[in-house]
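Asker: From the sequence below, what's the structure:
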Amino acid sequence: MNIKDQVVSLWLAKELKEAGVNSPSLFNWRVWTDGSVDCAMSDDDDFDYRGTGNTVKEKIPAYTVMELINSLPASIKIKIEGKELDYMLMICKGNSNLYVVSYEAGTCDDVDVLQEFGNRKLADALAEMLIWWRKREGK
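Answerer: Next up, the predicted model:
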């Protein structure tokens with residue numbers, strides 16, 4: 001199993017960093033001085049084993065699914081027409097090609113969806129939700 005499939009994509013990792021998410025992660029995206037990028041465990045050394053003289057110029061947390069889930073609230077309270085609703089975080093695997101993360105409330109017959117994101121990678125769908133939630137909360 002490729003680690004890049006288990007962590008948030010580089011472009012979303014950068015967006016999370018810009019959104020102010022700065023918690024530690026088990027993995028980091030490492031951007032090298034020659035422009036190459038790799039993903040490594042946070043405690044791995046930054047030695048250039050290729051012998052090209054490159055150094056790591058930036059490390060960006062590459063959050064895992066569990067790290068992202070732990071960064072999101074389990075529920076969001078909102079008011080609609082004066083009525084307070086509790087939107088629960090739901091993670092659904094539609095099939096092997098799509099994961100959907102949403103905040104929703106309701107019954108089987110009547111579901112209100114506050115927000116949802118779908119992606120091939122669960123980590124990316126969770127990252128998009130975390131970016132949305134931080135913007136919504138003004139963080």
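
Asker: ok, then the element right after the lowest-mean-pLDDT helix or strand in the chain?
Answerer: None of the helices or strands of the chain scores lower by mean pLDDT, DSSP states H and E than strand 83-95, at a mean of 67. Next helix or strand after strand 83-95 toward the C-terminus (DSSP states H and E): strand 98-106.

Asker: quick one, longest helix in this structure?
Answerer: In the chain, ranked by residue count with DSSP state H as the criterion, the top helix is helix 122-136.

Asker: and the residue of the chain most remote from its centre, which of the three is it?
Answerer: No residue in the chain sits farther from the centre than residue 51, which is 32.8 Å out by CA atoms, centre = their mean. Secondary structure for residue 51, judged by DSSP: H, G, I helix; E, B strand; the rest coil, is coil.

Asker: and it, backbone torsions?
Answerer: phi 70, psi 20 (degrees, to the nearest 10).

Asker: Can you pull out the low-pLDDT segments for the chain?
Answerer: 1, 80, 85-95, 106-108 (pLDDT under 70).

Asker: For residue 125, see how far away residue 14 is.
Answerer: 17 Å (CB to CB, to the nearest Å). Where you see a C-beta, it was placed from the backbone N, CA and C, and this is true even at glycine.

Asker: same check, this time on residue 15
Answerer: On the measure of CB to CB, residue 15 and residue 125 end up 13 Å apart.

Asker: Specify the residue ranges that define each domain of the protein.
Answerer: 3-64, 68-136 (automatic domain parsing).

Asker: and residue 28, which of the three is it?
Answerer: strand.

Asker: Give the buried residues for the helix or strand residue 66 falls within.
Answerer: Assigned by DSSP H and E, residue 66 belongs to helix 65-71. Residues of helix 65-71 classed as buried by neighbour count (16 or more other CB atoms under 10 Å): 65, 67-69, 71.

Asker: list the buried ones in the next helix or strand after it?
Answerer: Going down the chain from helix 65-71, the next helix or strand is strand 75-80, by DSSP H and E. By 16+ other CB under 10 Å, the buried positions in strand 75-80 come out as residue 76.

Asker: CA atoms of the helix holding residue 66 as PDB?
Answerer: Presented in PDB, the C-alpha positions along helix 65-71 are these (Å, rounded to 0.1, in the frame of the first residue of the first chain):
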ATOM      1  CA  VAL A  65      -7.500  10.000   7.900                       C
ATOM      2  CA  MET A  66      -7.600   9.600  11.700                       C
ATOM      3  CA  GLU A  67      -5.700  12.800  12.300                       C
ATOM      4  CA  LEU A  68      -8.200  14.700  10.100                       C
ATOM      5  CA  ILE A  69     -11.200  13.000  11.700                       C
ATOM      6  CA  ASN A  70      -9.800  14.000  15.100                       C
ATOM      7  CA  SER A  71      -9.500  17.600  13.900                       C
END
